Every structure is written in structure tokens, then in C-alpha cells.
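S.K.: Prediction below, plus the sequence it came from.
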Amino acid sequence: MQPEGSSCPPPAPSGFCLSPTLAPTELPFTPPLPESLSCSLTLPAASQSAGIARAATRTILRAHGLAELTDAVVQVVSELTACACRFSPSARVYVSLRYRDGAMRVTLYDDHPLHTNARLGAACEISRGVALGVLDQVVRACDGEWGIGGGRGQNNGTRMWAVLPREGARAYGSVLGAGDASDGSASAP
């Protein structure tokens, strides 16, 4: 129902409404599904951003019914965010979380340009790779994959990414002996 004299359109016949203020209140709340997880954050390229990214990731995973992936995904997000902040020449980094085809995809973009000199590019990639040693171990333990490459478009920064299969990330958390990691607690040994 619309207020009389409202110039806003009525809710769509599908039951979805583009404006939350016009949404019918009688529709039940439907929690997000794992397959609908598609979140992005732009954060300052600063030391505190890894902590912000960890906290946001815990909340996002819990909201989408993926709390069992928390230990592995939070560690990956933290490592990638810290590395992006370290290498970014600009004041921001971009974090993307997606769940598709049974795997969690974490992508970080920073504004560090691709090097035109192949030797400098290789040295830079090696420096990032060394900085991501913990990430490499976590991704391997989850039977996932990760990489470093160019950003979106030509000379548009650097992209770092990791893909964690759900079963591998779940097993990673259970090996650590974690309880519901989403609340920060751990089960007793």
C-alpha cells in the first residue's frame, strides 16, 4: 500500500520493491543464501584496514550461512588486504568477496601499476609472493588456488586473488579445532 498522494510507484508484482521504505511489511524476512554472496568494500590503504576487512568478512560469512568457512577466508582476506595496503601507492584498496560454484572467491585490487620493465615486474611479483607466504599455506591447505596479476584494464593496478573450495575451507577450520569461529570463540582441545 502506498500513502495517499505518493508519487512513488507501487511495489513490483514480483513482491520485490526497489525502495525499502515502500516494501510491504507483511513479506517474511528471507536470509541471504550462500550463492547470493557478492560484497565489495573500498578501504583505506592503511594498517587498520586488514582488521576492518576481517571483521566485515566474519559478519558477511555469518549472514550468508557460511560461518564454517570463517577461519580460512578471514585469514586469506587479512593477508591479501595487508599486502595490498603495503604495495598500493594510492590511498585505497578494493576488496571483493564472492561465493560461486561451491567456492569462496576473494579478490583485492590496489593501484600499484604494472611495470613496463619485465625485470622490475618480476621483482615486484616476487616481493608480493614472499609477503604472501602465510596465504600460500592457507590456500594449499584448502586445496585452493591464488595468484597475482594485472588489474581491470590496461595499466589499472594490481589484482591479487584466491579461490577456496567450500569443503577445503570447512576442513581447514575443523583441523584448527575451531568452534563457531564467527563469534571469535574456539572449542576446547
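M.R.: Here it is on my side, so go on.
S.K.: outside of the helix or strand bottoming out on mean pLDDT in the chain, which residues touch it?
M.R.: Among the helices and strands of the chain, helix 118-131 carries the lowest confidence by mean pLDDT, DSSP states H and E, at a mean of 78. Residues from elsewhere that reach helix 118-131 (CB atoms under 8 Å, 6 or more residues apart in numbering): 82-83, 86-87, 112, 114-115, 136, 148, 158, 160. All C-beta spots, glycine's among them, are computed from the backbone N, C-alpha and C.
S.K.: if you set the cut-off to 6 Å instead, what comes out?
M.R.: Residues from elsewhere that reach helix 118-131 (CB atoms under 6 Å, 6 or more residues apart in numbering): 83, 115, 148.
S.K.: Could you look up the next helix or strand downstream of it?
M.R.: Using DSSP states H and E, the helix or strand that follows helix 118-131 in sequence is helix 133-141.
S.K.: now for that following helix, which elements pack on it?
M.R.: Contact here means 3 or more CB pairs under 6 Å, 6 or more residues apart in numbering; DSSP states H and E; on that basis helix 133-141 packs against helix 70-87.
S.K.: The helix it packs on: how far from the chain's middle?
M.R.: Centre-to-centre, helix 70-87 and its host chain are 9 Å apart (CA atoms, centre = their mean, to the nearest Å).
S.K.: what mean pLDDT does that helix have?
M.R.: Averaging pLDDT along helix 70-87 yields 93.
S.K.: thinking again about what came up before, of all the contacts of helix 118-131, which comes closest to Ala56?
M.R.: Cys83 (17.3 Å; CB to CB).
S.K.: Pull up the gap between the closest one and Thr70, please.
M.R.: According to CB to CB, to the nearest Å, Cys83 stands 20 Å off from Thr70.
S.K.: who's in contact with Leu164?
M.R.: With the criterion set at CB under 6 Å, 6+ apart, Leu164 makes contact with 72, 104, 142, 144.
S.K.: if you set the cut-off to 8 Å instead, what comes out?
M.R.: Leu164 neighbours (CB under 8 Å, 6+ apart): 69, 72-73, 76, 103-106, 139, 142, 144.
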